[in-house]
Each structure stands twice: as structure tokens, then as C-alpha cells.
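1. Got a predicted structure plus its sequence, pasted below:
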Amino acid sequence: MVTARIRRPDGRIQFDASALTFQMVGKGSVNVQGRVAGNTTPGSALIPIPSASATRVLAVAAPFFTAKAGTTQINGQTYAHYACSVASGTVSYWMFDLSSNMPRSPGGLTLRNPQTGVIIYSSDYDVFRVVDRLTSAGDSRNLDASRTYAVAQQDFAGHRRPLSPGSYFLNGQEIIWDGSPQGRDSSWSYQNDGKLYGTRVSGGAISSGEVSWDDVRGQLGFGPTPPDYPPDWTRPLGNALIVDVTGL
């Protein structure tokens with residue numbers, strides 16, 4: 001049962017007492033470093049995160065494309081790994097967690113859901129404020145340039161497919177030792193198109209685009225004619241949440 005709900009003039013919900021609230025628990029910046037994963041990624045950003053919390057949300061901002069690639073552990077420390085479209089630069093980040101995991105404010109105003117006891121507002125919380133979203137690679141938004149924005153990408157997104165379907169490379173003749181009879185056969189390869197989908201923040205201009213990930217020559221095998229390509233795959237960007245982090 002909802003105990004309080006406030007709507008904007010356009011009908012969108014502005015506040016709902018039953019909704020979960022996220023608040024900022026940390027922020028910082030990291031420098032782009034050498035490639036950590038991906039065969040052709042220009043650079044990587046590794047953001048340290050507590051491994052204990054499964055509800056942490058990261059929002060990042062950089063004037064170049066950053067794409068969520070997953071998590072990695074180095075010397076016992078867990079990092080969120082972002083593939084970057086450049087080999088050098090700085091990525092800023094803001095980390096949020098559920099307010100129900102946070103202690104109440106020592107002073108000021110604190111509101112709780114009377115049915116669950118969960119904190120839904122505290123006057124000292126820096127809340128996770130979503131102002132828009134990107135829904136696909138190539139999507140963009142132009143917002144108030146006087147504000148500061150970051151983007152929370154929900155999951156790994158990208159594609160892997162032949163760069164030019166129907167195009168093959170004949171590597172030449174190679175000796176096939178396990179054939180019957182033994183002899184020479186043609187070796188085939190193709191050019192792979194492997195990209196991750198990420199986001200870029202430049203003032204009030206927020207856009208999504210591609211980061212090179214696996215743009216390599218792939219081996220297909222042997223035979224008088226080219227073997228089939230490996231299966232394609234695509235993971236859509238989904239909802240990349242644009243967060244207003246002004247003053248945080």
C-alpha cells in the first residue's frame with residue numbers, strides 16, 4: 001500500500017513512499033591505463049568497488065566513450081572494469097547504494113516507510129537522481145549544460161559479427177596431417193567486428209557509441225570452400241540511466 005505519492009505536472013511520479021532510494025556512498029576518479037581485457041580495446045578504467053554489496057550502482061562520466069565490461073579482481077581487490085575508446089584520460093565516478101543499507105541521519109529530517117521501516121528520505125543523503133536515459137547505441141540527449149551528469153550503465157552490451165558478411169580471406173594452402181588422404185587444403189579466415197556499447201558525457205551532451213573490443217582476424221578452418229562463420233551475438237544497451245550529480 002502506497003502511503004504517499006507526488007506527481008510532476010506532466011503526470012510522471014516525482015516521489016513515491018514505497019520506492020527504493022539510492023544515496024551516494026563514494027566518488028572519485030581513475031586514470032585510463034593499458035588494455036586489461038579485450039583484444040583491441042585502446043584502454044581500460046578500473047574502479048575499486050566493495051565486493052560485499054550487490055546493490056551498489058556506479059555512474060561514470062568521461063569526455064570519451066566508456067563501456068561496462070564487467071568486474072575483475074587484482075590482488076584481492078574487486079574492480080569495475082570499463083573499456084575506453086582512448087588510451088589515456090580520466091574517468092570520474094559516483095557510487096550509490098540502497099538507503100536501506102545506510103544509517104539514519106544524526107540530525108535533520110528522516111522519513112521511513114511506516115510499513116517496512118526502510119528509510120526513504122534523509123536530509124543528509126545525496127540521492128541518485130535520474131533525469132533521462134539512453135536506450136540504444138547511437139542514442140543521445142542534450143540537457144542543461146550548467147549541470148553535471150554521469151551515466152549508470154546496467155550491464156555489458158555490444159556485438160560480435162563478421163565485419164563484411166560474405167567476405168573471406170584465403171590464407172593459403174596448409175598441410176593437413178589428419179586427413180584421409182593426407183595432403184594440402186585451403187585455410188580460411190574472416191575479419192571480426194567486435195564492439196562494446198558505452199556512453200560519453202561532454203557537458204550537457206550525453207551520447208552512446210561503440211568501443212573497439214574484438215576487431216581481429218578470426219580463423220574459420222580448412223576446406224575447398226569457406227566454412228560457416230561462428231554465431232553472431234548482440235546484447236542491446238538497454239537503459240543507461242543519466243544521473244544528475246551536480247554538487248555531489
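-> In hand now; what should we look at? Numbers count the residues shown, from 1 in each chain.

2. Identify the residues contacting the residue nearest the centre of the chain.
-> For the chain, the residue nearest the mean C-alpha position is residue 68 (2.7 Å; CA atoms, centre = their mean). Neighbour list for residue 68: 80-82, 153-157, 196, 198 [criterion: CB atoms under 8 Å, 6 or more residues apart in numbering]. For the C-beta atoms, the positions are set from N, CA and C on the backbone; glycine is no exception.

3. just those residues now: which is nearest residue 137?
-> Residue 137 lies nearest to residue 157 out of the contacts of residue 68, by CB to CB, at 7.7 Å.

4. pretty sure that closest one contacts residue 213?
-> No: with contact defined as CB atoms under 8 Å, residue 157 does not count as touching residue 213 (10.8 Å).

5. which neighbours do those two share?
-> Residues touching both residue 157 and residue 213 by CB under 8 Å, 6+ apart: 67, 196.

6. how much space between residue 128 and residue 99?
-> With distances taken as CB to CB, to the nearest Å, residue 128 is found 9 Å from residue 99.

7. go on, residue 149?
-> Going from residue 149 to residue 99 by CB to CB gives 22 Å.

8. cool, and residue 203?
-> For residue 203, the distance to residue 99 equals 30 Å [CB to CB].

9. Neighbour count for the two, which is higher?
-> Between residue 203 and residue 99, counted using other CB atoms under 10 Å, residue 99 has the larger neighbour count: 22 against 14.

10. Within the helices and strands, which one has residue 242?
-> strand 240-244 (DSSP states H and E).

11. residues making contact with that strand?
-> Defining contact as CB under 8 Å, 6+ apart, one finds that strand 240-244 is touched by 59, 94, 128-135, 141, 143, 147-154, 199, 206, 208.

12. what about the longest strand in the protein?
-> Assignment by DSSP state E gives strand 183-202 as the longest strand of the chain.

13. Which elements pack onto that strand?
-> Here strand 183-202 touches strand 66-74, strand 77-84, strand 149-152, strand 158-162, strand 169-176, strand 205-212, strand 217-222, going by 3 or more CB pairs under 8 Å, 6 or more residues apart in numbering; DSSP states H and E.

14. quick revisit: beta partners for the residue nearest to the centre of the chain?
-> Beta-bridge partners for residue 68, by DSSP bridges, are residue 82.

15. try the one 10 residues further on
-> For residue 78, the beta-bridge partners are residue 73 (DSSP bridges).

16. And the pLDDT at it?
-> As predicted, residue 78 sits at a pLDDT of 90.

17. Low-confidence regions, the chain specifically.
-> Residues of the chain meeting the criterion pLDDT under 70: 1-6, 12-20, 52, 100-108, 113, 117-125, 165-185.

18. what's the domain layout of this protein?
-> Using automatic domain parsing, the domain parsing of the chain gives 5-156+239-244, 159-235.

19. quick one on the thing from earlier: return the list of strands paired to the strand holding residue 242, each annotated with direction.
-> Strand 240-244 sits in its sheet next to strand 130-134 (antiparallel), strand 149-152 (antiparallel), going by DSSP bridges.

20. Would you agree residue 35 is in contact with residue 46?
-> No: Residue 35 is beyond contact range of residue 46, at 11.4 Å (criterion: CB under 8 Å).

21. What's the end-to-end length of stretch 59-70?
-> End-to-end distance of stretch 59-70: 14 Å, with CA to CA, to the nearest Å as the criterion.

22. and that stretch, which residues are buried?
-> 59-62, 64-69 (16 or more other CB atoms under 10 Å).

23. Tell me the secondary structure at residue 40.
-> What DSSP: H, G, I helix; E, B strand; the rest coil gives for residue 40 is coil.

24. Any figure for the gap between it and residue 235?
-> Counting by CB to CB - residue 40 and residue 235 are separated by 18 Å.

25. go on, residue 215?
-> 17 Å.
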